[in-house]
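A.B. asks: Build me a model:
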Amino acid sequence: MLRHIVTWNYKDGLSDIENKANALKVKYELESLITSINGIIEINVYINEFTSGLLTGLLALVVIYIIRCQFAIRDDEKLKKLYIKETDERALFIYQKSGSIGMNISVAGLLLGTLVCAYINIIVAATLLGACLFISLIRGFLKLYYRKHI
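C.D. replies: Below you'll find the predicted structure:
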């Protein structure tokens, strides 16, 4: 009954939530591809543990988000709350003011670079991971700042 609230502005006729679920499925496929590459290349045990832990954490986040979306799709009340959360103007304004889109891209690029460099040079990988954590901290502080002041 409330499913018509979700906007239908994509070429395939999929809603925002379904498009996000499809994007998360693609991320899962990429993670499984990287995990299979880990099995082919024999390297240091610590690097395997790092990449496996990082990919397992990302996979857990993806699975949790997919489950949350599936529950929302089945229940009209949860779908309404998810829709309100996704279209909240104040939250979107804070997201834009804190530069989260660019920072998310930077963090994703640094994490990908960390995974690749872990096989080449562990010092460079640690440096990239430190930069990724620094950007994440800055993003978190900006988000807290704008939530308090807006």
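A.B. asks: tell me what the helix or strand hosting Arg139 is packed against?
C.D. replies: Assigned by DSSP states H and E, Arg139 falls within helix 122-149. Where contact means 3 or more Cβ pairs under 8 Å, 6 or more residues apart in numbering; DSSP states H and E, helix 122-149 is packed against helix 45-74, helix 89-97, helix 100-117. C-beta coordinates here come from the backbone N, C-alpha and C atoms, glycine included.
A.B. asks: Pull out the buried positions in that helix.
C.D. replies: Applying a neighbour-count criterion of 16 or more other Cβ atoms under 10 Å, one finds 125, 128-129, 132, 135-136, 139, 142-143, 146 buried in helix 122-149.
A.B. asks: Specify which member of those is nearest to Lys78.
C.D. replies: Lys143 (24.3 Å; Cβ to Cβ).
A.B. asks: surely that closest one meets Ile94?
C.D. replies: Yes - with contacts counted by Cβ atoms under 8 Å, Lys143 reaches Ile94, the gap being 6.5 Å.
A.B. asks: where does this structure have low pLDDT?
C.D. replies: 1-24, 26, 28, 30, 33-46 (pLDDT under 70).
A.B. asks: Swap in 90 and give it another go.
C.D. replies: 1-63, 65-108, 111-112, 114-126, 129, 136, 138-150 (pLDDT under 90).
A.B. asks: Can you give me the domain boundaries for it?
C.D. replies: 1-87, 89-150 (automatic domain parsing).
A.B. asks: How far away from the center of its chain is the shortest one?
C.D. replies: In terms of Cα atoms, centre = their mean, to the nearest Å, the centre of domain 89-150 is set 11 Å apart from its chain centre.
A.B. asks: Quick one: end-to-end length of it, please.
C.D. replies: From its first residue to its last, domain 89-150 covers 12 Å (Cα to Cα, to the nearest Å).
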